[in-house]
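Peer 1: This is a predicted model, with the sequence first.
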Amino acid sequence: MARDNSFDIESVVDLQEVDNGVNQAHKEIANRFDFKGSDTTLTFDREQKTLILESEDEFKVKSAVDILLTRLAKRGVSPKSLILDEPESAPGGRAKQKATIQQGISKEKAQEINVFIKSLKLKVQVQIQEDKMRVFGRSRDELQLVINALKEKELSIPLTFTNYR
């Protein structure tokens, strides 16, 4: 009996790369002409996996978010991994926006991915394990087809494929 091949589907964000991207964005904000004289802050809470951007007005907060997303993308962190809240008013007439980093695959998203893989009509099985998924199949070619189909599908979370055996 042949051994099944498998791979894991995960949604993992490297928090060190997020920290590096935040530091780069902070430096750019400090040096940019349109932020001169403004008190724009960008804080990253590694434990809570949250980012808080605060500035004088909503326009500067949105500009800071754009800078942050650009810097994170250059560091290899997908913008899909951030859940951005709506900008809100902070004390003192300031504006504030919170972003949460999502790690792992939720049960609902795992079910959606499972239904999509089954709709491909390939001879593979999917096993949902806490915050990741494992896909089994006899043929490596079918596993490659699943990986390529998931890469082409627009999902709201970034996926990484690991432990391909």
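Peer 2: Here it is on my side, so go on. Here the structure is a predicted model, which is why all the values come from computation and not from measurement.
Peer 1: My read is that Glu10 contacts Pro158, right?
Peer 2: No - applying C-beta atoms under 8 Å, one finds Glu10 not in contact with Pro158, separated by 9.6 Å. Quick note: C-beta positions are derived from backbone N, CA and C, even for glycine.
Peer 1: ok, the two, which is more surrounded?
Peer 2: Glu10 (20 against 15; other C-beta atoms under 10 Å).
Peer 1: If we ignore the residues flanking it in sequence, what's nearest the more buried one?
Peer 2: Lys132 (4.5 Å; C-beta to C-beta, 6 or more residues apart in numbering).
Peer 1: Report the beta-bridge partners for that neighbour.
Peer 2: Bridge pairing for Lys132 (DSSP bridges) gives the partners Gln129.
Peer 1: measure it to Val12 for me?
Peer 2: 8 Å (C-beta to C-beta, to the nearest Å).
Peer 1: where do the contact lists of these two overlap?
Peer 2: Gly104 (C-beta atoms under 8 Å, 6 or more residues apart in numbering).
Peer 1: higher neighbour count, these two?
Peer 2: Between Lys132 and Val12, Lys132 has the larger neighbour count (other C-beta under 10 Å), namely 19 against 15.
Peer 1: What are the buried residues along the lengthiest strand in the chain?
Peer 2: If you go by DSSP state E, the chain has its longest strand at strand 94-101. Residues of strand 94-101 classed as buried by neighbour count (16 or more other C-beta atoms under 10 Å): Arg94, Ala95, Lys96, Gln97, Ala99, Ile101.
Peer 1: For my notes, please list those residues in TSV and give pLDDT for each entry.
Peer 2: Below are those laid out as TSV (pLDDT from 0 to 100):
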residue	pLDDT
Arg94	90
Ala95	91
Lys96	92
Gln97	94
Ala99	94
Ile101	94
